[in-house]
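J.: Sharing a model prediction with you, sequence too.
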Amino acid sequence: MAKYSIGIDFGTLSGRALLVDVRTGEEIATSVYDYPHKVMDEMLPSGKRLGVDFALEHPRDYLDVIEKTISAVIRESGVSPDDIIGVGVDFTACTVMPVKADGTPVCFLPGFRDNPHAYVKLWKHHAAQDKANKLNETAAARGEKWLARYGNKISSEWLVPKIWQILTDAPEVYEEMDCFIEAADWIVWQLTGKETRNSCCAGYKAIWHKQDGYPSKEFFAALDPRLENVVEEKLGGEILPLGSCAGGITPEMAAKTGLAVGTPVAVGNVDAHVCVPAVGIDGPGKMLAIMGTSTCHILMCEKECSVPGICGYVEDGVMPGLVGYEAGQSCVGDHFAWLVNNCVPPRYFEEAKAHGMDIHVYLQEKASEQKPGESGLLALDWWNGNRSVLVDVDLTGMMLGMTLTTRPEEMYRALVEATAYGTRKIIENFEENGVPVDEFYASGGIAEKSAFVMQIYADIIRKPIKISGSAQGPALGAAIFGAVAAGKKNGGYDSVYDAARMMGKLKNITYLPNEENAKVYDKLYAEYSTLHDYFGTGGNDVMKRLKEIKKGVQNA
Ligand SMILES: Nc1ncnc2c1ncn2[C@@H]1O[C@H](COP(=O)(O)OP(=O)(O)O)[C@@H](O)[C@H]1O
Ligand SMILES: O=C(CO)[C@@H](O)[C@@H](O)COP(=O)(O)O
């Protein structure tokens, strides 16, 4: 009798459920739900305006995903709930929220609905950069040894700057919350009725270490005396390893979703890391880029190496027995979306429609008529700051070489190339610091949809690129961890390595570098590197000065 697991993937704008056969990885049914509140980066539902660099979400949307998509996949597949042996959850991270001891989000409480800090701070909430800067200075001055694990800089996207911002800007929310929790763990809590924390979010996003735990009380007190006991007071209890079972589906959730009471639920996971077994990766040296709104680069290695500018490395952070490394680019597909929304004249949309094409596909088809270097354009891929290797959200985008003949498709191509140069920087940085990148895999919406983008990446990084066999890498990865939480005794797996080999998959296509293109791109990459260092490492801080002026004017 076939057995199934469900992966629930919470992305930036939508959440989805995927029902998978645990023996083959075959995807039986899927259902997607777009968050009605989207990303709140300008105002709250009440109309209250948000500050510069805010990015919030509404937890109601996450509950709607659970209720709508799980029942939909069960219905569509016709599978009996008794044959669904496990559930896994992954989420964007660090996407964190203040909640009460019973799990109620503070933004649901009367009196807090109009308070921005009561809502979910999405991974790309960048308004705590001043806190990240102070945290990094303090950690460096105190010689905190954990700093090296995080590429020598903690990003403002991670947990500590975000909770510190709440403490200083909205102490009433800090007081009201009983815990500050990753949305991944909160959803697992909603499903099982049990509060758990997972080692992936804690390790990469909350400065937690398997042997050493969190940073010391002295460190937190040096940031702000009121943070001295933040770990005990707000960050909850035991941290569980990936693949472990957090608990079973509660009767209340069973009624809402159609799952059987007690169905095992895996501890939460991060959307990027969870994808690794979904492409069948089961060893070191194989980098997976999860390419969508942003890109995360996940890689495993046998040893711990200090690599500047990465997001971090965590022992067992991806799969047990290996050190998992994460780097990333805060903005990838968001560049293309920005261009489409702001720089493309109506006639392009009309032409795309007449050809029955999506606007991205249409622009890419036009751009593919050009050769590398032909447009004379070069861009820096920093429209949403730089995550790796500069770890600086105050950097902004730039495009050089525009003339009166520059066309939207050329700008589109320049942005694609810029993101590929950013990826090459990340690969070279790993290799220069002792972490080999022998193979390159891609997953996510862009890898799935765009041969144009993937060929440019292969030419620029000079490596063959293998593509995920699933259009829904994170959801498949979450389903894999659901099968591991169920365990062999229930028809699942005892090891994520076994599950990856059986359920992970690749497409029957590899993008190979074109040597002629690669030679031109080597020259363009050298120019990119010059601009990258000039604007990104202090040669000219004009981007930061402009941002300061902008903040001054907006705040006035
Ligand atoms: N055909 C395409 N080629 C390249 N990028 C695309 C294409 N269609 C959409 N995009 C970009 O893909 C991104 C969404 O990626 P996806 O993986 O679906 O979402 P997410 O990263 O939020 O999970 C958007 O930023 C969009 O601009
Ligand atoms: O930062 C991480 C994971 O560490 C991601 O959750 C974040 O970049 C968001 O990913 P998406 O672009 O929404 O797929």
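T.: That came in fine, so what should we check first? Ligands and ions are numbered 1, 2, ... in the order given.

J.: Distance across stretch 395-403, terminal residue to terminal residue?
T.: 24 Å (Cα to Cα, to the nearest Å).

J.: Looking at this structure, which residue reaches furthest from the middle?
T.: Centroid-distance maximum for the chain: Leu404 at 37.2 Å, with Cα atoms, centre = their mean.

J.: so where does it fall, helix or strand?
T.: Assigned by DSSP states H and E, Leu404 belongs to no helix or strand.

J.: Kindly report the same for Lys131.
T.: Counting by DSSP H and E, the element that carries Lys131 is helix 129-141.

J.: Show me which residues of that helix are buried.
T.: In terms of neighbour count (16 or more other Cβ atoms under 10 Å), helix 129-141 has its buried residues at Gln129, Lys131, Ala132, Asn133, Leu135, Asn136, Ala139. C-betas here are computed from N, CA, C, even on glycine.

J.: Tell me the one of these nearest Asn341?
T.: Among these, Gln129 lies closest to Asn341 (Cβ to Cβ), at 24.9 Å.

J.: measure that closest one to Lys100 for me?
T.: To Lys100, Gln129 is 28 Å away according to Cβ to Cβ, to the nearest Å.

J.: ok, for the residue nearest in space to the middle of the chain, nearest residue in space, not its chain neighbours?
T.: For the chain, the residue nearest the mean C-alpha position is Thr92 (4.6 Å; Cα atoms, centre = their mean). Nearest non-adjacent residue to Thr92, counting by Cβ to Cβ, 6 or more residues apart in numbering: Trp123, 4.7 Å away.

J.: quick one: contacts for that neighbour?
T.: Neighbouring residues of Trp123 by Cβ atoms under 8 Å, 6 or more residues apart in numbering: Thr12, Ala55, Thr92, Ala93, Cys94, Thr95, Glu157, Ser294.

J.: Enumerate every residue touching Ala418.
T.: His335, Leu378, Ala379, Leu380, Asp381, Tyr528.

J.: Neighbour-wise, which one of the residues you listed leads?
T.: Asp381 (29 neighbours; other Cβ atoms under 10 Å).

J.: thinking again about what came up before, just the contacts of Ala418: which are in strands?
T.: Mapping the contacts of Ala418 onto strands (DSSP state E) picks out Leu378, Ala379, Leu380.

J.: Give me the nearest residue to the first one, chain neighbours excluded.
T.: Meaning Leu378. Leu400 (5.0 Å).

J.: what's the neighbour count on the one you found?
T.: Leu400: 13 neighbours (other Cβ under 10 Å).

J.: Okay, it and Leu415: tell me how far apart.
T.: Applying Cβ to Cβ to Leu400 and Leu415 gives a distance of 12 Å.

J.: Next, show the common contact partners of those two.
T.: Going by Cβ under 8 Å, 6+ apart, residues that sit against Leu400 and also against Leu415 are Ala379.

J.: just to revisit the earlier point, check which helices and strands the helix holding Lys131 sits against.
T.: With contacts defined as 3 or more Cβ pairs under 8 Å, 6 or more residues apart in numbering; DSSP states H and E, helix 129-141 has these neighbours: helix 159-169, helix 217-223.

J.: what mean pLDDT would you report for the first one?
T.: For helix 159-169, the per-residue pLDDT values average out at 98.

J.: cool, and stretch 399-417?
T.: Averaging pLDDT along stretch 399-417 yields 98.

J.: Could you give the separation between the terminal residues of that stretch?
T.: 11 Å.

J.: Pull out the buried residues from that stretch.
T.: Buried residues in stretch 399-417, counting neighbours by 16+ other Cβ under 10 Å, are found at Met399, Arg407, Pro408, Glu409, Glu410, Met411, Tyr412, Arg413, Ala414, Leu415, Val416, Glu417.
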